[in-house]
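Participant: pasted the sequence and its predicted model underneath.
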Amino acid sequence: MPLPANNRPTSGQSSWPAVIKTLLVEVLVLLGLAGAIVGYVNWSSDQAFAEFVATNKMSAPTPTSPIRAVKGLMPCDRRA
């Protein structure tokens, strides 16, 4: 089967609808990817913030925790 010598549309045909369809699909794919990226960043920042808050709650000193002595001296025992 011989290949046509000229692949361009003839003067009566227009390739604009195909170009517009291709651009529309590309724009929709880019919008979908952008939405997925924004959603992931939002989700991951929420997770990181929740982890940060949970860590602060666990490591916060309680008012009844004793003060530890450093090298046998309490903070009030320092001499000037």
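Facilitator: Arrived safely, thanks for sending.

Participant: can you pull the poorly scored residue ranges out of the protein?
Facilitator: Within the chain, the stretches with pLDDT under 70 are 1-13, 58-80.

Participant: could you say which helix or strand holds residue 39?
Facilitator: Residue 39 belongs to helix 16-59 when assigned by DSSP states H and E.

Participant: now for that helix, which elements pack on it?
Facilitator: Applying 3 or more C-beta pairs under 8 Å, 6 or more residues apart in numbering; DSSP states H and E, one finds that helix 16-59 contacts no other helix or strand. The C-beta positions use only the backbone N, C-alpha and C, and glycine is treated the same way.

Participant: quick one: residue 20 from residue 48, how far?
Facilitator: Here the distance between residue 20 and residue 48 works out to 42 Å (C-beta to C-beta, to the nearest Å).

Participant: actually residue 30, not the one I wrote
Facilitator: Applying C-beta to C-beta to residue 30 and residue 48 gives a distance of 27 Å.

Participant: do residue 17 as well
Facilitator: Between residue 17 and residue 48 the distance is 47 Å, computed by C-beta to C-beta.

Participant: cool, residue 39 as well?
Facilitator: Remark: distance between residue 39 and residue 48 (C-beta to C-beta) = 15 Å.

Participant: same deal with residue 56?
Facilitator: As for residue 56, its distance to residue 48 is 13 Å (criterion: C-beta to C-beta).

Participant: quick one, what contacts residue 26?
Facilitator: Counting by C-beta atoms under 8 Å, 6 or more residues apart in numbering, residue 26 touches no other residue.
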